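Student: output the structure for:
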Amino acid sequence: MISILFNILLFLIPLIFFKTTSELFEFNKIITLYIFTILITTVWAVKSIVAKKIIFRRTILDWPLIIFLVILVLSSIFNGGLFSIVSYVLLYWGYVSNMDGEMTKKSIIFFLISTGIASFLAILEHFGFSTTCGLMGVGWNNSCWVQDVQNRVYSTFGQPNWLAATIVTLIPILFGFTLIKKGDNIKVNKLFFFYFLSIILFVTLLFTKSRSGLLGFAIADLIFCGLILFKFKKEFIKKLVIFNIIFVILISIIGTPWNSSIFKFSEFKKSKTENTSTGPASGTIRKIVWQGAVKIWTNYPILGTGPETFAFAYPMFKPLEHNLTTEWDFIYNKAHNEYLNYLATTGTLGFISYLTLIGFIVYQLFQNKSTFGISLLAGFLSILITNFFGFSVVSTSLLFFLLPAITLTNKLEGEKKEKLILNNLDNKQKIYILISTIIAIIFLYEISRYFIADIYYNKARLFNRSDNPVKAREEITKALKISPKEAIFWNESAISNSDIAVLLANNNENDKGLEFAKLATYESEKAVNLTKNNVNLRKTQSTIYIKLTSFNSNYLTNAEDTVKLAIIISPNDPKLYYQLGLLEIKLNKLEDAILNFEKAVQIKPNYRDARFVLGSLYKDIGETSKANENFKYILEKIAPDDEATKKMYN
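Tutor: As a prediction, this is how the structure comes out:
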């Protein structure tokens with residue numbers, strides 16, 4: 001049963017997605033991971049009860065994992081966010097304690113087939129046929145995605161770099177399956193499958209145009225080929241050369257972010273020119289975010305801000321240089337460097353324990369010097385490389401913890417399986433099995449409620465966006481009944497009620513509208529109190545107050561106070577100073593408004609809207625030279641063809 005559950009999990013993770021949840025890909029993959037962690041752990045517990053002993057295989061990673069987990073628990077006590085790491089650790093121990101070599105090979109095949117299917121769907125995406133859009137009922141083309149998925153594919157993974165990171169980990173493992181010694185009883189059709197799948201995965205990697213993925217592949221390939229040649233001399237040199245020649249040919253035909261296809265030189269040249277004019281490259285932006293991560297660590301050096309809290313911590317320490325990039329108003333949930341992310345969110349202790357864990361895993365993988373063992377090592381090292389330029393997602397995190405488990409269980413071909421009989425259980429065993437089952441059912445019930453609540457929340461969000469707050473309120477009320485401690489649920493409900501209040505006021509039902517207005521402010525305050533460092537919730541709260549000024553002009557002051565509190569959390573956000581300036585104009589605080597617009601353009605000199613309003617204010621109070629200074633800056637450095645600015649400047 002445990003083997004079957006692992007096979008299903010490994011098959012589902014690359015492919016799973018749902019159109020009805022608030023996030024289509026990673027959310028559903030982590031929910032799937034939670035469900036199977038509970039099922040595997042429960043069956044493992046029942047197995048131990050039947051065997052009348054704790055079935056647990058000791059490994060070199062036990063203490064590094066325990067220390068890593070304890071530090072994350074300590075960090076979570078103060079800050080929150082832990083379930084996913086617990087799941088991965090339990091899956092590691094569940095795997096090494098219950099799987100053998102035969103089961104291991106099957107589980108890897110399931111993951112390879114699943115990723116192969118996802119890769120094939122990605123290739124179809126590149127040619128304009130989107131299975132994901134089709135399954136969501138939108139049409140069998142790429143029309144459901146805002147992103148240019150045809151240019152950079154991502155299939156069922158949700159992001160090109162995430163798909164690339166998974167592929168890069170698996171290609172060396174496919175290499176390992178193909179390096180067969182004379183006398184090995186491997187059928188030709190199996191070898192063809194591995195060769196074919198390697199090509200499919202590599203073509204998909206090229207279609208992702210992931211720089212970190214291609215770099216990870218290059219280093220993993222170099223390590224794999226180098227270790228194979230060092231260990232086996234010339235035994236596999238012919239196959240290695242053929243493989244790499246095939247990859248070079250594919251690179252020449254398809255191209256990479258650094259070189260064009262031999263058939264599309266002119267197009268590559270054009271796209272490269274266009275990309276350089278859009279602002280700082282993604283690598284430059286990453287470096288800025290990394291600076292912010294280091295600042296977080298210096299302020300929370302021991303245990304960090306807590307697992308999965310980077311999005312709340314970063315606004316406080318966001319470097320000013322970030323405001324000059326094309327992503328100046330993006331939300332950053334991660335540091336885009338797994339190591340700095342751990343440093344910021346789990347502090348020095350968490351960072352050291354994470355590096356120690358990696359060191360022990362590499363040591364363990366290095367002990368298996370077979371062709372397959374070397375392939376696992378190369379695949380694991382590719383994760384470390386792609387994580388340096390990004391962050392782990394469900395598929396790569398699962399591989400991070402299971403690859404060392406696989407290298408251990410792969411050696412257990414000859415282990416004698418103990419036959420466990422479910423008949424003639426004593427009463428104590430029956431009670432323990434019943435308790436284990438009840439605990440599993442409770443956990444599964446809670447996860448299903450969490451999943452269903454998210455579906456209701458997503459429906460409410462879509463209804464609010466389509467100006468149907470009444471239906472949105474119905475859906476978000478269902479979500480809140482299930483999960484009353486989710487800040488974003490209360491926030492969405494506040495949006496619905498504020499919109500209903502405005503609708504009622506427009507229909508001359510002020511008394512009824514006032515009830516909904518009070519409810520909206522109460523719910524918005526509740527959302528903010530549940531997650532005090534969430535800047536977006538405060539931005540939404542100020543917007544709600546502005547909507548409700550038709551009921552009471554004092555709400556404008558509330559909006560002003562809310563934005564001021566948001567600035568404390570995110571002091572380098574120019575949009576907040578701009579919003580505060582607009583509010584102070586409405587409150588006739590022109591001097592304060594000018595100061596805030598000046599602050600906005602100080603921390604973001606190319607902020608066109610802030611400069612235009614600032615110039616207009618200076619014009620109104622007779623400060624012509626200061627007004628012209630701002631208008632001139634817009635025309636010379638931001639928007640030379642801006643007609644409104646030209647008119648004001650003239």
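Student: helices and strands of this protein: which one bottoms out on pLDDT?
Tutor: Here the helix or strand of the chain ranked lowest by mean pLDDT, DSSP states H and E is helix 265-276, holding a mean of 42.
Student: what residues of the next helix or strand after that helix count as buried?
Tutor: For helix 265-276, the following helix or strand on the C-terminal side (DSSP states H and E) is helix 282-299. Residues of helix 282-299 classed as buried by neighbour count (16 or more other CB atoms under 10 Å): 282, 285-286, 288-290, 292-293, 295-297. Where you see a C-beta, it was placed from the backbone N, CA and C, and this is true even at glycine.
Student: check which helices and strands whichever helix or strand comes after helix 282-299 sits against.
Tutor: Toward the C-terminal end, the helix or strand that comes next after helix 282-299 (DSSP H and E) is helix 310-317. When contacts are defined as 3 or more CB pairs under 8 Å, 6 or more residues apart in numbering; DSSP states H and E, helix 310-317 sits against helix 282-299, helix 338-367.
Student: would you format those helices as a markdown table with mean pLDDT and distance to E525 included?
Tutor: Output for the helices and strands packed on helix 310-317, formatted as a markdown table (pLDDT from 0 to 100; distance: least, CB to CB, whole Å):
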| stretch | mean pLDDT | distance to E525 |
| --- | --- | --- |
| helix 282-299 | 93 | 27 |
| helix 338-367 | 96 | 27 |
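Student: can you put the ones you listed in CSV and add distance to T169?
Tutor: Converted to CSV, these look like this (distance: least, CB to CB, whole Å):
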stretch, distance to T169
helix 282-299, 21
helix 338-367, 12
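Student: quick one, longest helix in this protein?
Tutor: Longest helix in the chain, counting residues (DSSP state H): helix 427-465.
Student: show me what whichever helix or strand comes after that one is packed against.
Tutor: Using DSSP H and E, the helix or strand that follows helix 427-465 towards the C-terminus is helix 469-482. In terms of contacts (3+ CB pairs under 8 Å, 6+ apart), helix 469-482 is packed against helix 427-465, helix 487-506.
Student: looking at those helices, which is buried most?
Tutor: helix 487-506 (a mean of 23; mean count of other CB atoms under 10 Å).
Student: C-terminal to that helix, what's the next element?
Tutor: helix 510-530.
Student: summarise which helices and strands that next one is packed against.
Tutor: By 3+ CB pairs under 8 Å, 6+ apart, helix 510-530 packs against helix 487-506, helix 535-547.
Student: nearest residue to Y339 in space, please, no chain neighbours.
Tutor: Among residues not flanking Y339 along the chain, F388 sits closest, at 6.7 Å (CB to CB, 6 or more residues apart in numbering).
Student: in a markdown table: the helices and strands packed on helix 510-530, plus distance to A593.
Tutor: Formatted as a markdown table, the helices and strands packed on helix 510-530 follow (distance: least, CB to CB, whole Å):
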| stretch | distance to A593 |
| --- | --- |
| helix 487-506 | 25 |
| helix 535-547 | 15 |
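Student: so which of the helices and strands packed on helix 469-482 is nearest K238?
Tutor: Closest to K238 of these is helix 427-465 (CB to CB; 50.3 Å).
Student: what mean pLDDT would you report for the closest one?
Tutor: The average pLDDT for helix 427-465 rounds to 96.
Student: quick one, phi psi at N606?
Tutor: phi -90, psi 30 (degrees, to the nearest 10).
Student: for stretch 55-64, how far is the first residue from the last?
Tutor: Using CA to CA, to the nearest Å, the end-to-end distance of stretch 55-64 comes to 20 Å.
Student: chain center to that stretch, what's the gap?
Tutor: 29 Å (CA atoms, centre = their mean, to the nearest Å).
Student: could you do stretch 207-220 as well?
Tutor: Centre-to-centre, stretch 207-220 and its host chain are 18 Å apart (CA atoms, centre = their mean).
Student: buried sites along it?
Tutor: Using 16+ other CB under 10 Å as the burial criterion, the residues of stretch 207-220 that qualify are 207-217, 219-220.
Student: farthest-apart pair in the residues you listed, please.
Tutor: The largest separation in those, counting by CB to CB, is between F207 and I219 at 20.4 Å.
Student: flag the shaky bits of the protein, pLDDT-wise.
Tutor: Applying pLDDT under 70 to the chain picks out residues 78-81, 180-188, 264-281, 412-422.
Student: mind giving me the domain split of it?
Tutor: Domain assignment for the chain by automatic domain parsing gives 1-55+426-472, 102-277, 473-649.
Student: would CSV of the ones you listed with distance to L355 be doable?
Tutor: Output for the domains of the chain, formatted as CSV (distance: least, CB to CB, whole Å):
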stretch, distance to L355
domain 1-55+426-472, 24
domain 102-277, 18
domain 473-649, 27
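Student: for F330, find the nearest of those domains.
Tutor: It's domain 473-649; of the domains of the chain, that one is closest to F330 (CB to CB) at 11.5 Å.
Student: now do the closest one: distance to the chain's middle.
Tutor: The answer for domain 473-649 is 28 Å, by CA atoms, centre = their mean.
Student: do the same with stretch 367-377
Tutor: 30 Å.
Student: about what we covered before: ok, the buried residues of helix 282-299 vs H322, which is closest?
Tutor: I288 (4.9 Å).
Student: verify the contact between that closest one and T325 for me.
Tutor: Yes - if you go by CB atoms under 8 Å, I288 and T325 touch, sitting 6.8 Å apart.
Student: quick one: the closest residue in space to A405 that isn't next to it in sequence from L9, how far?
Tutor: In space, and not counting its chain neighbours, A405 is closest to Y95: 4.0 Å by CB to CB, 6+ apart. As judged by CB to CB, to the nearest Å, Y95 and L9 stand 10 Å apart.
Student: T437 now?
Tutor: From T437 to L9 the distance is 20 Å (CB to CB).
Student: what count of nearby residues applies to V138?
Tutor: 15 (other CB atoms under 10 Å).
Student: now F25
Tutor: 22.
Student: tell me who's in contact with it.
Tutor: Residues near F25 by CB atoms under 8 Å, 6 or more residues apart in numbering: 17, 156-159.
Student: look up phi and psi at it.
Tutor: Note on F25: its backbone torsions stand at phi -110, psi -70 [degrees, to the nearest 10].
Student: and it, how close does it get to D100?
Tutor: Counting by CB to CB - F25 and D100 are separated by 32 Å.
Student: now swap in T166 and tell me
Tutor: In terms of CB to CB, T166 sits 25 Å off from D100.
Student: so what touches stretch 490-501?
Tutor: Contacts for stretch 490-501 (CB under 8 Å, 6+ apart): 457, 460-461, 463-464, 467, 469-470, 472-473, 476-477, 479-480, 513-517, 519-521, 523-524, 526-527, 530, 537, 540-541, 544, 547-548, 551.
Student: now, of the residues you listed, which are buried?
Tutor: 457, 460-461, 463-464, 469, 472-473, 476, 479-480, 513-514, 516-517, 519-521, 523-524, 526-527, 530, 537, 540-541, 544, 547-548, 551.
Student: and for F243, the neighbour number?
Tutor: By other CB under 10 Å, the residues close to F243 number 23.
Student: that one and I123, how far apart?
Tutor: From F243 to I123 the distance is 19 Å (CB to CB).
Student: pretty sure P14 sits against Y154.
Tutor: No - P14 lies out of contact with Y154 (CB under 8 Å); the separation is 11.6 Å.
Student: next, the contact list for F631, please.
Tutor: 611-612, 615, 645, 648-649.
Student: thinking again about what came up before, reformat the buried residues of helix 282-299 as JSON lines; add distance to I199.
Tutor: Putting those into JSON lines (distance: CB to CB, whole Å) gives the following:
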{"residue": "S282", "distance to I199": "28"}
{"residue": "I285", "distance to I199": "33"}
{"residue": "R286", "distance to I199": "31"}
{"residue": "I288", "distance to I199": "38"}
{"residue": "V289", "distance to I199": "35"}
{"residue": "W290", "distance to I199": "35"}
{"residue": "G292", "distance to I199": "40"}
{"residue": "A293", "distance to I199": "38"}
{"residue": "K295", "distance to I199": "45"}
{"residue": "I296", "distance to I199": "43"}
{"residue": "W297", "distance to I199": "43"}
